[in-house]
Every structure is written in C-alpha cells, then in structure tokens.
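Student: Using only what follows, build the 3D model:
(one chain, ligands or ions: 1)
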Amino acid sequence: MKVFINKRIPEAGIQMLKEAGLEVFIPEHENLSHEEWLIYCQNNDAVLSVGGEFKYDQDFFDQCPNIKTIALYSVGFDHVDMKEANRRHIPIGNTPDVLSKATSDVAFLLMQSVARRASYNFQKVKDGNWGDFDPLHALGQELYGKTLGVLGLGRIGFEMAKKSQKAFDMKIIYHNRHQNEEAEKELNATYVSFDELIAQSDVLSVHANFTPEQKDLFNGPVFEKMKSNAIFINTARGGFQNEKELYEALVSKQIWGAGLDVTNPEPMSKNSPLLELSNVCVLPHIGSATIEARTGMAQIAAGNIIAFSKGEKLPYCANPEVYQN
Ligand code: DGY
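Tutor: Numbers count the residues shown, from 1 in each chain. All right, here's what the predicted structure looks like:
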C-alpha cells in the first residue's frame with residue numbers, strides 16, 4: 001500500500017510505516033499547492049494528512065477515488081466531510097488522547113497569560129519600556145476561586161478543568177452535547193445551559209469539536225452577555241469566534257481579555273487589531289506542539305494506516321459509524 005504524507009512528521013511514525021512494509025511518499029518541498037497535493041493523493045492509496053489547509057470534501061473524494069483511508073495528524077476533523085467519507089466507506093483516523101495534556105496546558109497558559117497581561121508586559125520589556133514601578137498600571141486579576149466555564153468538556157476540556165481546579169480552586173461549569181458524568185464526579189463540575197455558561201463564567205474556555213453550524217458562535221450579542229471580568233480562551237478552532245466582534249467587546253470592556261491559540265483565518269494577519277490590545281494573547285496554533293504529543297500523534301496516525309493495511313479497524317477512528325454494515 002502506498003502512503004502519502006504531505007509534511008514531515010516525527011520519525012517514529014515514518015519508521016513504523018516503513019517497517020510495516022508500506023511505501024511512503026513525502027514531498028521534497030513542504031508547501032504544496034492544492035494541485036500538487038491533489039496529484040500526490042491521486043497516486044497513493046492512503047493519506048497521512050498534516051494540517052488543516054487541505055479539505056477532504058466531495059470534490060476531493062470525486063477526484064481521488066483511489067484513496068481508501070485518511071489518517072489525520074490531528075484530533076480535529078472539521079476539514080473532512082464525514083458524510084461523504086461514510087457514504088464512500090472511507091475510515092478517517094484521528095489522534096485523540098495523546099495531545100490532551102499538551103493542548104490543555106496551552107489553554108491554561110493563555111488563561112494565566114491574559115489574567116496577568118504577560119505578553120503585553122513581555123513586549124514592554126522587549127521594547128525597552130520596562131518603566132517605573134506603578135501601583136496602578138497594567139494590573140492583572142487573580143483566578144483563585146473563580147468560575148471556569150468549559151464549552152466541550154471532553155478529554156482536553158477535562159484536563160483544563162482539572163488543572164484549573166487544582167491550581168486555583170476554580171469552580172467548574174460546562175456545556176456539552178452530553179453530560180460528562182466522570183467530570184461531575186471527579187471535579188464536581190456542573191452542567192449548565194449555554195446561556196448560563198456565558199453569563200456565569202469568569203474564564204470561558206472553548207474545547208468543543210467545530211462544526212459549520214457553530215461558526216461565529218462567540219459574537220457581539222454573546223460577548224455582551226458575558227461578565228465584564230471574563231476571559232475568553234480558545235484552543236479549539238478559530239471559527240468559533242467572530243474576531244471583529246471580539247475586538248469590539250474587548251475595546252468596549254464588555255469582557256476583560258482573550259487568549260487565542262486558534263484564529264480565523266490562520267495564520268492571523270499581523271495587522272489584526274486584536275494584536276494591538278494589552279489584554280490579548282495570541283499563539284500560532286501550538287496546542288499539540290510538544291515532542292511528546294507530536295511523537296504520539298505520529299505513532300497513532302501510522303498505527304491507523306497500518307491497521308487499515310492489515311484489513312483491521314482503525315484503532316483511533318473519527319467516524320466509527322463507517323464500520324456499521
Ligand atoms: C488538532 O489536533 O486538532 C490540533 O488542533 C492540530 O490541528
């Protein structure tokens with residue numbers, strides 16, 4: 001079986017594929033155009049897909065009928081049309097669990113960075129503006145005993161909630177499609193409606209899977225209903241926030257600050273007005289960027305393809321319904 005990997009991943013995954021006797025194709029240069037990517041896909045049986053820029057939609061599946069499975073090098077699968085994949089019986093692998101700690105670390109980092117205006121203060125030092133001790137300038141806020149609201153209390157949200165509770169004794173509320181009994185038991189988390197979540201959270205952290213219906217879920221009217229001391233954190237997908245309205249909410253002090261590891265679009269333009277604000281911290285989508293997580297992701301993605309090549313079910317399958325019938 002021939003496997004196309006659109007960008008080099010940690011060697012552990014590549015070795016696994018080779019040792020399993022699979023032919024691996026990695027392009028010489030990494031910034032493939034859409035056409036180049038499509039040609040590689042047309043010449044292989046499986047894709048180990050890195051990044052979210054290439055869409056696996058109806059048009060892709062029509063043009064690449066040879067593709068039998070796709071192993072995503074991500075937990076998110078919002079760039080795949082799952083209905084089409086299911087219709088064509090194509091299993092889609094993803095990489096959950098192994099990046100939950102690393103990604104929740106980034107949410108936790110952003111929460112603290114915004115609460116204490118760390119990136120703004122760091123920039124001041126870099127600009128030679130350390131300044132005199134000022135009892136009133138750029139004060140942060142403490143997180144002790146505050147309420148963390150989690151949208152999407154799955155594996156990553158759970159890790160974020162656990163850390164926030166241990167470090168700052170934060171009360172946990174959450175909104176999900178389904179109640180999370182483990183979190184209710186272990187973290188004393190309380191299930192609330194979306195409206196209660198936005199009204200009660202001191203920190204609101206987004207960890208849900210993104211679907212097109214959720215585009216701009218965090219918009220002007222929603223920010224208006226949030227607390228004036230609220231910090232908005234997003235490490236899931238940038239599509240959740242309307243960035244123009246987020247900017248307005250921050251400037252008009254409807255909310256207190258924002259920490260984003262994901263933006264819309266990515267990369268964020270260096271001219272984004274959000275980058276001018278002292279109460280904003282933006283990172284370039286580094287949630288899973290640790291040696292441990294990225295190596296684990298490579299092993300899981302390779303394991304998914306190897307399982308497929310042996311006629312087995314993908315151990316980490318984002319569309320398990322593909323195996324029904
Ligand atoms: C994921 O795994 O979904 C990360 O956001 C990287 O895309």
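Student: Report the secondary structure state of the nearest residue to Y40 once chain neighbours are set aside.
Tutor: In space, and not counting its chain neighbours, Y40 is closest to F4: 4.7 Å by C-beta to C-beta, 6 or more residues apart in numbering. C-beta here means a position set from N, CA and C on the backbone, and glycine is covered the same way. Three-state call for F4 (DSSP: H, G, I helix; E, B strand; the rest coil): strand.
Student: F4: neighbour count?
Tutor: 22 (other C-beta atoms under 10 Å).
Student: Now do the same for it: its pLDDT.
Tutor: Here the pLDDT value assigned to F4 is 98.
Student: Then the one 3 residues further on?
Tutor: K7 is assigned a pLDDT of 96 by the prediction.
Student: got a pLDDT number for the residue nearest to it when sequence neighbours are not counted?
Tutor: Distances taken as C-beta to C-beta, 6+ apart put V50 closest to K7, at 4.1 Å, once the chain neighbours are dropped. At V50, the model reports a pLDDT of 97.
Student: bridging residues for K171?
Tutor: T147 (DSSP bridges).
Student: Tell me how far it lies from F25.
Tutor: 51 Å (C-beta to C-beta, to the nearest Å).
Student: Get me the contact residues on the chain for the ligand.
Tutor: Residues of the chain lying near the ligand by C-beta under 6 Å from any ligand atom: 52, 74-76, 99, 287-288.
Student: Those residues: which two are farthest apart?
Tutor: The two members of the residues of the chain next to the ligand with the most space between them (C-beta to C-beta) are G52 and L99, at 14.3 Å.
Student: Which of the two has more residues huddled nearby?
Tutor: Using other C-beta under 10 Å as the criterion, G52 and L99 rank with L99 on top: 25 against 18.
Student: quick one: the spatially closest residue to M82 that is not a sequence neighbour and R88, what's the gap?
Tutor: Spatial nearest neighbour of M82, excluding adjacent residues (C-beta to C-beta, 6+ apart): N319 at 5.2 Å. Going from N319 to R88 by C-beta to C-beta gives 11 Å.
Student: what about the two, which has more around it?
Tutor: Per other C-beta under 10 Å, whichever of N319 and R88 has more neighbours is N319, with 20 against 14.
Student: contacting residues around V222?
Tutor: I198 (C-beta atoms under 8 Å, 6 or more residues apart in numbering).
Student: check contacts around L143.
Tutor: With C-beta under 8 Å, 6+ apart, L143 has these contacts: 111-112, 115, 164, 167-168, 170, 202-203.
Student: give me every residue that touches the nearest residue to S309 once chain neighbours are set aside.
Tutor: Taking C-beta to C-beta, 6+ apart, and ignoring the residues beside it in sequence, S309 has M1 as its nearest neighbour in space, at 4.7 Å. The contact partners of M1, by C-beta under 8 Å, 6+ apart, come to 22-23, 45-46, 305, 308-309.
Student: ok so, going back, among the contacts of L143, which ones are in strands?
Tutor: Secondary structure from DSSP state E places V203 of the contacts of L143 in strands.
Student: State the pLDDT value of the residue nearest to S309.
Tutor: So, for M1, pLDDT stands at 97.
Student: residues touching the most centrally placed residue in the chain, list them.
Tutor: Centroid-nearest residue in the chain: A236, 3.2 Å away (criterion: C-alpha atoms, centre = their mean). Residues counted as contacts of A236 (C-beta under 8 Å, 6+ apart) are 76, 152, 156, 206-210, 262.
Student: Now it: phi and psi?
Tutor: phi -100, psi -80 (degrees, to the nearest 10).
Student: V24 now?
Tutor: phi -110, psi 130.
Student: Quickly list what it is bridged to.
Tutor: What pairs with V24, by the bridge criterion (DSSP bridges), is V3.
Student: I'd say it and Q15 touch.
Tutor: No: V24 lies out of contact with Q15 (C-beta atoms under 8 Å); the separation is 9.6 Å.
Student: quick one, which of the two is more surrounded?
Tutor: Each of V24 and Q15 has its neighbours counted (other C-beta under 10 Å); V24 has more, 19 against 14.
Student: contacting residues for the more buried one?
Tutor: Going by C-beta under 8 Å, 6+ apart, V24 touches 3, 5, 14, 17-18.
Student: repeat that for 10 Å
Tutor: Contact analysis of V24 by C-beta atoms under 10 Å, 6 or more residues apart in numbering lists 2-5, 13-18, 44, 48, 302, 305.
Student: ditto for R88
Tutor: Contacts of R88 (C-beta under 10 Å, 6+ apart): 58, 61-62, 65, 67-68, 322.
Student: Present those residues as a markdown table; the columns should include secondary structure and neighbour count.
Tutor: A markdown table is the format used below for the contacts of R88 (DSSP: H, G, I helix; E, B strand; the rest coil; neighbours: other C-beta atoms under 10 Å):
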| residue | secondary structure | neighbour count |
| --- | --- | --- |
| Q58 | helix | 13 |
| F61 | helix | 18 |
| D62 | helix | 10 |
| P65 | coil | 9 |
| I67 | coil | 20 |
| K68 | coil | 18 |
| V322 | helix | 20 |
